[in-house]
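Visitor: Structure for this input, please:
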Amino acid sequence: MDNEIQGRPAHVAAIRERAEAEMLDMGVDEAFIGKLVETFYARVLADPDLGPVFDARLSGRWPAHMEKMKSFWSAVAFRSGAYGGKPVQAHTGVHNLTPDLFPKWLSLFAATLDDIAPTPEAKAWFMATAERIAKSLTLSLFYNPALDDPTRKTG
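Guide: Purely as a prediction, here's the structure:
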């Protein structure tokens, strides 16, 4: 057990080092992540469907949200473990948040990556990650297992 505990920090460090090398090979650094977050959320705010939902929730707190999102994407990309937020809890009860807004969110994210991603590999990695996040949030916030009950299905 002691060897396992002692080996954990080295294992975590190796994961972080590999992630940093992978990101750098794709042209991703902290400056790109900052630009991605700033560009994307400017587009979100300008969007007639997403903007009002986000602005109602974040009015007066945009700078803090932007820093949190930069920290989130940095932690995900570089596997730093630095982000300690609770995304599902943060999105629970957001007024006018509906499942159909997630494809719109993904579309804006893809357009942002089209415009600013440093490499096709970076675009693919960030898009795949965003898709997993959107799916996870959609399932967490809106999934109703009763809808999958085979006894409720009609012919």
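
Visitor: and the next element down the chain from the lowest-mean-pLDDT helix or strand in the chain?
Guide: Sorted by mean pLDDT, DSSP states H and E, the helices and strands of the chain end with helix 87-91, the least confident at a mean of 60. Following helix 87-91 in sequence order, the next helix or strand is helix 101-116 (DSSP states H and E).

Visitor: quick one, what contacts Glu121?
Guide: Residues near Glu121 by C-beta atoms under 8 Å, 6 or more residues apart in numbering: Asp25, Met26. Using the backbone N, CA and C atoms, a C-beta is placed for each residue, glycine as well.

Visitor: Looking at the stretch of helix or strand it belongs to now, give me its mean pLDDT.
Guide: Using DSSP H and E, Glu121 sits within helix 120-142. For helix 120-142, mean pLDDT is 91.

Visitor: Likewise for stretch 58-75?
Guide: On average, stretch 58-75 scores 92.

Visitor: List the contacts of stretch 60-67.
Guide: Val37, Glu38, Tyr41, Leu58.

Visitor: before we move on, the earlier item: I'd like to check the angle between the helix holding Glu121 and helix 101-116, please.
Guide: Put simply, helix 120-142 runs at 170 degrees to helix 101-116, going by axes from the mean of the first three to the mean of the last three C-alpha atoms, to 10 degrees.

Visitor: re the thing from before, now, among the contacts of stretch 60-67, which is nearest to Asp115?
Guide: Nearest to Asp115 out of those is Glu38 (C-beta to C-beta; 12.3 Å).
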